[in-house]
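>>> Okay, sequence plus prediction incoming.
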Amino acid sequence: MKKRFLLVFFVIFTVVLSATTIYDIQYTTVPGADGTYPSLLVGQDVTVTGIVTGANFVHGATMFFMSDPEGGAWHGIYVYDLETGPATGDEVEVSATVSEYYGLTELGYCTINILSSGNPVPDPVLITTAQLATEEAYEGVFVELNNVVVTSAQNTYGEWYVTDTSATPAQVDDGFFYLDQVEPPIVINVGDTWAILRGMVNYSYDEFELNPRTPDDMIAVVSSPHNIVTPQSEFYGCYPNPFNPETTAYFYLAEDTQLSLNVYNLKGEKVRTLVASELSAGEHHISWNGKDDNNSNVSSGIYFFYADSKDGDFTSVKKIILMK
């Protein structure tokens with residue numbers, strides 16, 4: 001009986017380890033003939049589980065985006081051809097055929113099983129407009145742009161362009177909702193500045209594009225007071241993640257804050273103090289090079305960035321993975 005139990009456990013453990021993930025479908029460094037990066041699993045039938053990060057794509061249709069629970073680059077994908085669509089935050093199991101539609105990796109002809117609802121959505125990945133415009137890694141991923149300026153107003157297809165300090169324009173589109181059909185209507189003018197734009201990355205007509213899911217993904221437009229939302233202190237996340245040899249923590253402070261930012265290992269031991277001082281209000285980028293407080297390299301594995309303000313108004317933890 002003991003041998004049988006061990007055999008069953010080994011089989012289950014092997015299946016879990018070998019289960020296909022969204023990352024397995026998306027990750028590739030092999031370019032296709034048209035310059036895009038098709039999945040290495042095109043044409044294969046797969047079953048994957050994940051969290052719905054953007055529901056009702058194409059203005060209320062059943063198409064949606066889903067992500068591996070940890071989120072991050074290569075961890076998102078577009079799902080289509082459904083009779084009924086899940087809601088954002090649903091954990092779903094999707095059985096589908098991997099396909100490429102003019103450069104966009106998709107899961108199509110699906111069967112779907114909703115496993116649970118109300119789950120937290122993975123944090124958006126903070127990227128630049130240059131990364132949005134050029135990098136395959138963010139296709140299907142929930143991402144965020146910060147401090148962008150509008151360089152081109154909406155055209156007849158609902159597309160507009162923004163840029164940040166990277167100076168490369170990136171497209172924003174209205175794939176989830178029409179800006180003029182919300183209350184109050186959102187008007188895009190050249191020169192408008194947005195503190196935060198979040199949304200799902202789609203690939204269409206040879207361009208990557210950011211699609212805000214709701215007006216709540218569009219925060220603090222300076223030149224249009226009726227749209228202003230005051231940002232709260234927030235730890236956006238770390239990029240890259242997984243990382244080697246360095247990752248950067250991105251966070252925003254709504255006011256001057258006495259902050260500590262430390263790195264902990266899985267045992268709960270502090271391995272590095274990155275910040276222990278007062279920081280000014282605004283956006284901050286703090287890098288960690290994988291070394292402890294003694295300037296020694298730490299081992300591969302899971303670590304945690306723990307941010308905590310002295311007054312307790314701001315506390316946040318982000319998981320990171322060091323791979324060597």
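Thanks, I have the structure now.
>>> is the closest residue to Lys310 other than its chain neighbours in a bridge, and if so with what?
Spatial nearest neighbour of Lys310, chain neighbours left out: Gln258 (3.8 Å); criterion: CB to CB, 6 or more residues apart in numbering. C-beta coordinates here come from the backbone N, C-alpha and C atoms, glycine included. Beta-bridge pairing for Gln258 (DSSP bridges): Glu278.
>>> What distance do you get for Gln258 to Ala276?
Computed as CB to CB, to the nearest Å, the Gln258 to Ala276 distance reads 9 Å.
>>> What of Glu70?
Glu70 is 28 Å from Ala276, where distance means CB to CB.
>>> do the same with Val58
To Ala276, Val58 is 48 Å away according to CB to CB.
>>> Val149 too?
Remark: distance between Val149 and Ala276 (CB to CB) = 34 Å.
>>> Please apply the same query to Val48.
In terms of CB to CB, Val48 sits 42 Å off from Ala276.
>>> out of those two, which sits in the more crowded spot?
Set Val48 next to Ala276 and count neighbours by other CB atoms under 10 Å: Val48 wins out with 22 against 11.
>>> pLDDT score for the more buried one?
Confidence at Val48, expressed as pLDDT, is 96.
>>> Also Leu6?
Reported pLDDT at Leu6 in the predicted model: 45.
>>> Give the next helix or strand downstream of the helix or strand bottoming out on mean pLDDT in the chain.
When each helix and strand of the chain is scored by mean pLDDT, DSSP states H and E, helix 2-18 comes last, with a mean of 42. Where DSSP states H and E defines the elements, the next helix or strand beyond helix 2-18 is helix 22-26.
>>> So which bits of that following helix are buried?
Buried residues in helix 22-26, counting neighbours by 16 or more other CB atoms under 10 Å, are found at Ile22, Tyr23, Asp24, Ile25, Gln26.
>>> tell me the mean pLDDT over that helix?
96.
>>> Neighbouring strands of the next helix or strand after that helix in the sheet, and parallel or not?
Sequence-wise, the next helix or strand downstream of helix 22-26 (DSSP H and E) is strand 45-56. Strand pairing for strand 45-56, determined by DSSP bridges: strand 63-67 (antiparallel), strand 91-101 (antiparallel).
>>> chain center to strand 45-56, what's the gap?
Between the centre of strand 45-56 and the centre of its chain there are 14 Å (CA atoms, centre = their mean, to the nearest Å).
>>> ok so, going back, which one among the buried residues of helix 22-26 gets closest to Pro215?
Ranked by distance to Pro215 (CB to CB), these are led by Ile22 at 27.2 Å.
>>> That closest one contacts Ser67, doesn't it?
Yes - using CB atoms under 8 Å, Ile22 is in contact with Ser67, at 6.5 Å.
>>> Adding distance to Gln232, write the buried residues of helix 22-26 out as a markdown table.
Shown next, in a markdown table, are the buried residues of helix 22-26 (distance: CB to CB, whole Å):
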| residue | distance to Gln232 |
| --- | --- |
| Ile22 | 30 |
| Tyr23 | 31 |
| Asp24 | 36 |
| Ile25 | 35 |
| Gln26 | 31 |
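>>> From those, pick the one nearest Val263.
The closest of the buried residues of helix 22-26 to Val263 turns out to be Tyr23 (CB to CB; 23.9 Å).
>>> I'd guessed the closest one sits against His75; true?
Yes - if you go by CB under 8 Å, Tyr23 and His75 touch, sitting 5.3 Å apart.
>>> Nothing else from me, thank you.
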